[in-house]
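**Q** no FASTA, just this:
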């Protein structure tokens with residue numbers, strides 16, 4: 001009995017040891033799985049918190065960029081208004097220059113005519129004076145032996161002496177007129193020099209303004225790029241956060257699966273909810289700008305009117321203006337630039353999209369300062385004409401409404417107001 005009992009006890013101890021070992025071995029995978037899930041859960045929570053922090057920073061950056069963009073837009077509009085003001089002053093000064101040039105040409109023509117007439121009178125007066133001098137040199141006794149009769153000789157002397165005062169009076173009158181014209185030419189030349197200096201100053205100011213506009217446009221484009229990048233980054237972060245939350249939900253669902261002793265429930269996230277996006281401050285808009293100049297892109301005589309017959313047998317769908325060298329070209333209406341560049345048959349072409357399905361076409365410039373997408377004011381500079389004086393500078397302007405060309409000039413300027421096509 002003794003040995004048998006001892007043997008049974010050893011068997012029972014061995015069985016209990018195997019049961020404990022089996023239980024321990026079975027618990028190891030469960031413990032490892034629970035630990036791995038908890039670690040993954042903690043890692044995802046940390047990533048979510050980091051993503052939400054990045055989202056807040058991104059929103060703050062985008063709000064700041066919005067403020068920068070709004071400020072740049074306001075400053076750009078002020079610059080545009082200043083450009084319109086300078087263009088208006090250039091318009092007035094250019095008009096004065098045109099009037100002065102016309103007056104100068106008229107005076108030069110008058111001077112040439114009077115100088116020519118004076119030259120003829122001087123020739124006649126010279127002939128008469130020469131005859132009088134010859135008579136004065138001839139002795140009185142010689143007149144008796146002259147081939148002509150004494151009556152003819154006396155008559156010639158009387159006529160010559162009577163004509164001399166009248167000729168002298170005409171000569172003095174012509175001289176006074178010539179002096180007057182010369183004085184006017186001197187005065188106009190002086191005024192033209194002053195006007196040229198003013199135009200030069202305004203040109204320099206316009207160049208500074210153009211540089212400022214370019215700087216503002218670059219700044220605005222830069223902020224737009226940053227804004228787009230910030231919005232894209234925010235969207236990416238939001239999408240990533242959503243994916244992480246879905247992963248978190250799957251991990252939580254897996255933790256709730258009864259694979260052994262229930263692990264502790266995950267604690268709710270302590271990260272703050274995402275802040276709502278703040279709207280950028282609104283800036284009051286400036287009053288609209290209007291420019292009273294007939295709604296034309298340039299100034300000068302109209303060479304071709306709307307509807308005029310062309311050499312190719314068609315009719316003009318717009319007007320052609322002869323401008324001064326380096327003349328400023330402005331927007332005839334307020335609108336949005338949808339095309340700016342070279343186009344076949346037109347050279348440099350700018351197309352403005354106007355309200356109510358209208359379009360304005362301006363062509364013939366040597367340089368274009370506007371860009372596609374710009375919203376321009378009426379009278380805002382678009383470019384410049386060529387500085388060359390060897391050829392006629394032609395600026396083409398076409399106005400369309402609902403796709404059909406219409407007369408851009410007032411009705412009292414040209415009665416025709418529509419061309420088919």
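**A** Yep, that arrived. Treat the numbers as computed from the prediction; the structure is a model and nothing was measured. Numbering: from 1, shown residues only.

**Q** tell me the SS of the closest residue to residue 343 other than its chain neighbours?
**A** Excluding the flanking residues, the one nearest residue 343 by C-beta to C-beta, 6 or more residues apart in numbering is residue 349, at 4.3 Å. Every C-beta, even on glycine, is put in place using the N, C-alpha and C of the backbone. The three-state label given to residue 349 by DSSP: H, G, I helix; E, B strand; the rest coil is strand.

**Q** In contact with residue 337, which residues?
**A** 350-353, 370-376 (C-beta atoms under 8 Å, 6 or more residues apart in numbering).

**Q** What's the per-residue pLDDT of it here?
**A** Note on residue 337: pLDDT of 87.

**Q** Surely the residue nearest to residue 343 is in contact with residue 359?
**A** No - with contact defined as C-beta atoms under 8 Å, residue 349 does not count as touching residue 359 (11.6 Å).

**Q** Would you mind pulling the contact partners of stretch 172-187?
**A** So stretch 172-187 is contacted by 104, 107-108, 110-111, 114-115, 117-118, 121 (C-beta under 8 Å, 6+ apart).

**Q** With stretch 297-312 instead?
**A** 91, 94-95, 98, 293, 315-324, 327-332, 360, 362, 382, 385, 392, 394-395, 397, 405-409, 413-414, 416-419.

**Q** ok, back up a step: got the contacts of stretch 172-187 as a markdown table, with pLDDT columns?
**A** A markdown table is the format used below for these (pLDDT from 0 to 100):
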| residue | pLDDT |
| --- | --- |
| 104 | 76 |
| 107 | 76 |
| 108 | 78 |
| 110 | 77 |
| 111 | 74 |
| 114 | 71 |
| 115 | 72 |
| 117 | 73 |
| 118 | 67 |
| 121 | 67 |
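
**Q** Can I get these in CSV including neighbour count?
**A** Shown next, in CSV, are those (neighbours: other C-beta atoms under 10 Å):
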residue, neighbour count
104, 16
107, 17
108, 14
110, 15
111, 17
114, 17
115, 15
117, 13
118, 18
121, 15
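
**Q** Name the helix or strand of the chain that has the lowest mean pLDDT.
**A** helix 140-144 (a mean of 56; mean pLDDT, DSSP states H and E).

**Q** Return the closest of the contacts of stretch 172-187 with respect to residue 204.
**A** Nearest to residue 204, judged by C-beta to C-beta, of these is residue 104 at 25.3 Å.

**Q** Can you tell me the element that closest one falls in?
**A** helix 2-137 (DSSP states H and E).

**Q** Strands - which of the contacts of stretch 297-312 land there?
**A** Assigned to strands by DSSP state E, the following of the contacts of stretch 297-312 qualify: 319-322, 328-330, 360, 362, 382, 394-395, 397, 405-406.

**Q** Of the residues you listed, select the buried ones using a ChimeraX command.
**A** Here is the ChimeraX command that selects the buried residues among the ones in strands among the contacts of stretch 297-312 (16 or more other C-beta atoms under 10 Å):
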select :319,320,321,322,328,329,330,360,362,382,394,395,397,405,406
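
**Q** domain ranges for the protein?
**A** Domain segmentation of the chain under automatic domain parsing yields 1-258, 302-406.

**Q** The shortest one: end-to-end distance?
**A** Just to be clear, that refers to domain 302-406. 16 Å (C-alpha to C-alpha, to the nearest Å).

**Q** before we move on, what about stretch 317-326?
**A** 25 Å.

**Q** quick one: average confidence on it?
**A** 90.

**Q** again with stretch 168-183
**A** For stretch 168-183, the mean confidence score works out to 76.

**Q** And stretch 85-94, by the same measure?
**A** Rounded mean pLDDT across stretch 85-94 is 80.
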